[in-house]
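Undergrad: Here is a sequence together with a model predicted from it:
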Amino acid sequence: MKLELWTTFGSGGWQEHFHQTTLFTPDLGRENQVINLYPDAVFDTLEGFGGAVTDAAGFVYSLMDEQQKQNLMQTYFSPERMNYRLVRIPLDSCDFATGIYEAVSDPKDEGLCSFSFARTEKYILPMLMDAQKAAGKPLELMLTPWSPPAFMKTTGRRCYGGHLKPEYRKMWARYLCRYIVEFQKRGFYVRRISLQNEPNAVQTWDSCQYTAQEEKEFLKVMYETMQEQDLGGVEIFIWDHNKERIYERLNEIIDEETDQMTAGAAFHWYSGSHFESLELARRFFPDKKLIISESCIEFSKFDPEASVEAAGELAHELIGDLNHGMTAFYDWNLLLDERGGPNYVENYCLAPFLYDTKRRKLMPQLLQQYFEHFSHYLSPGSVRIGYSKYTDKLDVTAWKRLDGAVVVIMQNRTSQPLMAEIRLDGYLSELVLYPQSISSGVISMY
């Protein structure tokens, strides 16, 4: 057997990337500093990785020249690089937009005759079309609303929370189905939709609250409406909010009636790791998919001098989620400007690529390089396998790809080098994991 190892470490302008190859030797009983891999112990199957094409991302993308656009798309979507195949799209405006908009604003328009796809076509579709071209195959879209139109809500406005009025549930469901159809008409594959982004949050931007019972009632209406419009092949996801309540939400919504209506639950990372919540959801709802639909570092919490720590924090999150049942990952904005926007309420965030609008310069962040370790080496269809590690100073996840190779991703977040022995099928391979580094090992089974 042979181990090929790719490592990234460093920060700022001196990230180091290097590749080394080592051969396995017979295991003579080594007990210390061992990472055990068990390819016969199999768990979840990976769907893939991706990110969000927001109105903000599309606007910044429109400012770039053709070579910059090509470089960005090839990095994210080509099979030779990050191999992204999943894209999340906000329906109507969210905070990462150049302004507030909605497709219908007339409460008397029950037939949705005034429905307008123009704002989606302006910035989101050009970026999405280029992404699909770079991928060389249909991308899989996840659609998510941040708020119903203002007239459908108890507050009469898109922002600052509020609830969907019960009398508008059917019209809102048809509205969302109309969005699905509009994307389908343009040749895009809509794989899934979530019912509401962050239903437990009152935000200064587009937001809408659902209690568990309200979400359950709307789920029934949405499912019925999708069946009526021959959209039953589109998966429905509930929750789409932070992990700490995902198990509770599943318990409150899934029953004999709603079980068939729900493909799974989406979650965010902003309230902390809560890997145990995913473990509970996986154990008690084994047929439901668990996907992370959004994660990023908010600029209000970001120190530019601590880019390694920020990348390491998100990689720690991703590894923990992968090890506890997550099967699909959607990063937040694929692209933002130098401020981490535009964002009409100035809720700026970090993205894997920033674009300096003044100097007309595309700026890849260390975070992009960390994410590439996952999306490049863990191809869709890979199956998570069993492992054990000798120290909690390492983050580890291990997978078996469709080509038979075993992939182990290891992160050393400490300031000291760590020794490790990869142990597999009676053989060992010795390696050094650099301080504040992430390494991807591909083991060829021959």
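TA: Right, received. Where do you want to start?
Undergrad: And for the lowest-mean-pLDDT helix or strand in the chain, what's in contact with it?
TA: Lowest by mean pLDDT, DSSP states H and E among the helices and strands of the chain is strand 16-23, with a mean of 83. In this structure, residues lying in contact with strand 16-23 by Cβ atoms under 8 Å, 6 or more residues apart in numbering are 1-10, 369, 429-431. All C-beta spots, glycine's among them, are computed from the backbone N, C-alpha and C.
Undergrad: same check, this time on stretch 298-311
TA: Defining contact as Cβ under 8 Å, 6+ apart, one finds that stretch 298-311 is touched by 10-12, 297, 339-340, 347-350, 365-367, 369-370, 436, 438.
Undergrad: can you give me the end-to-end distance of it?
TA: This stretch, stretch 298-311, spans 13 Å end to end (Cα to Cα, to the nearest Å).
Undergrad: same check, this time on stretch 425-440
TA: 19 Å.
Undergrad: Helices along this structure, start to end?
TA: For the chain, the helices defined by DSSP state H occupy 55-62, 66-77, 118-119, 125-135, 169-185, 212-228, 246-253, 275-284, 307-323, 366-377.
Undergrad: got a list of what residue 243 touches?
TA: Per Cβ under 8 Å, 6+ apart, neighbours of residue 243: 267, 268, 269, 271, 272, 273, 274, 277, 278.
Undergrad: mind running it again at 6 Å?
TA: Residues in contact with residue 243 (Cβ atoms under 6 Å, 6 or more residues apart in numbering) are 267, 274, 277.
Undergrad: can you tell me how far it sits from residue 346?
TA: When distance is defined by Cβ to Cβ, to the nearest Å, residue 243 is 26 Å away from residue 346.
Undergrad: hmm, back to that, quick one, which of the contacts of stretch 298-311 are buried?
TA: 10-11, 297, 340, 347-350, 365-367, 369-370, 436, 438 (16 or more other Cβ atoms under 10 Å).
Undergrad: re earlier: point out the most buried one among the helices of the chain.
TA: Stretch with highest mean neighbour count among the helices of the chain: helix 55-62 (a mean of 24; mean count of other Cβ atoms under 10 Å).
Undergrad: for it, the distance to its chain's centre please.
TA: Mean-position distance between helix 55-62 and its chain equals 19 Å (Cα atoms, centre = their mean, to the nearest Å).
Undergrad: contacts for that helix?
TA: Applying Cβ under 6 Å, 6+ apart, the external contacts of helix 55-62 come out as 96, 97, 98, 123, 124, 127, 333, 334, 335, 337, 342, 355.
Undergrad: Looking at those, spot the one nearest residue 378.
TA: Nearest to residue 378 among the contacts of helix 55-62 is residue 334, at 18.7 Å by Cβ to Cβ.
Undergrad: For residue 51, see how far away the closest one is.
TA: Taking Cβ to Cβ, one finds residue 334 at 4 Å from residue 51.
Undergrad: do the same with residue 42
TA: 28 Å.
Undergrad: taking the contacts of stretch 298-311 one by one, which sit in strands?
TA: Residues of these located in strands (DSSP state E): residue 438.
Undergrad: Please read off the pLDDT at the closest residue to residue 373 other than its chain neighbours from the model.
TA: Leaving aside its sequence neighbours, residue 373 sits nearest to residue 440 (Cβ to Cβ, 6 or more residues apart in numbering; 4.7 Å). For residue 440, the pLDDT comes out at 97.
Undergrad: need the contact list for residue 440.
TA: Residue 440 touches 6, 373, 377, 409, counting by Cβ under 6 Å, 6+ apart.
Undergrad: more crowded one of residue 42 and residue 51?
TA: In this view residue 42 and residue 51 are compared by other Cβ atoms under 10 Å, and residue 51 has more residues nearby, 28 against 13.
Undergrad: and the least confident helix or strand of the chain, which strands flank it?
TA: Strand pairing for strand 16-23, using DSSP bridges, gives strand 2-9 (antiparallel).
Undergrad: Point out where the chain drops to low pLDDT.
TA: Scanning the chain for pLDDT under 70 picks out 11-16, 301-302, 304, 446.
Undergrad: Quick check: the residue nearest to the spatial centre of it vs residue 164, distance?
TA: Among the residues of the chain, the one closest to the centroid is residue 330, at 1.3 Å (Cα atoms, centre = their mean). Between residue 330 and residue 164 the computed distance is 24 Å (Cβ to Cβ).
Undergrad: hang on, the earlier thing: which of the contacts of strand 16-23 count as buried?
TA: Here, 16+ other Cβ under 10 Å leaves 1, 3, 5, 6, 7, 8, 9, 10, 369, 429, 431 buried among the contacts of strand 16-23.
Undergrad: Can you lay out those as a markdown table showing distance to residue 68?
TA: What follows is these, written out as a markdown table (distance: Cβ to Cβ, whole Å):
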| residue | distance to residue 68 |
| --- | --- |
| 1 | 41 |
| 3 | 36 |
| 5 | 32 |
| 6 | 26 |
| 7 | 28 |
| 8 | 23 |
| 9 | 27 |
| 10 | 24 |
| 369 | 18 |
| 429 | 40 |
| 431 | 37 |
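Undergrad: What is the most widely separated pair among those?
TA: 1 and 10 (29.5 Å).
Undergrad: one step back: which among the contacts of strand 16-23 gets closest to residue 319?
TA: The shortest gap between residue 319 and any of the contacts of strand 16-23 belongs to residue 8, at 14.5 Å (Cβ to Cβ).
Undergrad: Please name the residues that touch residue 93.
TA: By Cβ under 6 Å, 6+ apart, the residues touching residue 93 are 100, 101, 206.
Undergrad: ok, residue 96 - contacts?
TA: Here residue 96 is in contact with 54, 56, 333, 343 (Cβ under 6 Å, 6+ apart).
Undergrad: Next one: the last one relative to residue 180, how far apart?
TA: Shown here: residue 343 relative to residue 180, a distance of 26 Å by Cβ to Cβ.
Undergrad: what does the first one give?
TA: The span separating residue 54 from residue 180 equals 18 Å under the rule Cβ to Cβ.
Undergrad: what does the second one give?
TA: Residue 56 sits 22 Å away from residue 180, taking Cβ to Cβ as the criterion.
Undergrad: Please save the CA atoms from stretch 364-373 in CSV.
TA: The C-alpha coordinates for stretch 364-373 follow below in CSV (Å, rounded to 0.1, in the frame of the first residue of the first chain):
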residue,chain,number,x,y,z
PRO,A,364,-8.4,33.7,-2.4
GLN,A,365,-8.5,33.2,1.3
LEU,A,366,-6.8,30.5,3.3
LEU,A,367,-10.3,29.1,4.0
GLN,A,368,-10.6,28.2,0.3
GLN,A,369,-7.5,26.1,0.5
TYR,A,370,-8.8,24.2,3.6
PHE,A,371,-12.1,23.5,2.0
GLU,A,372,-10.4,22.1,-1.1
HIS,A,373,-8.9,19.4,1.0
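Undergrad: And for residue 443, nearest residue in space, chain neighbours not counted?
TA: residue 406 (4.3 Å).
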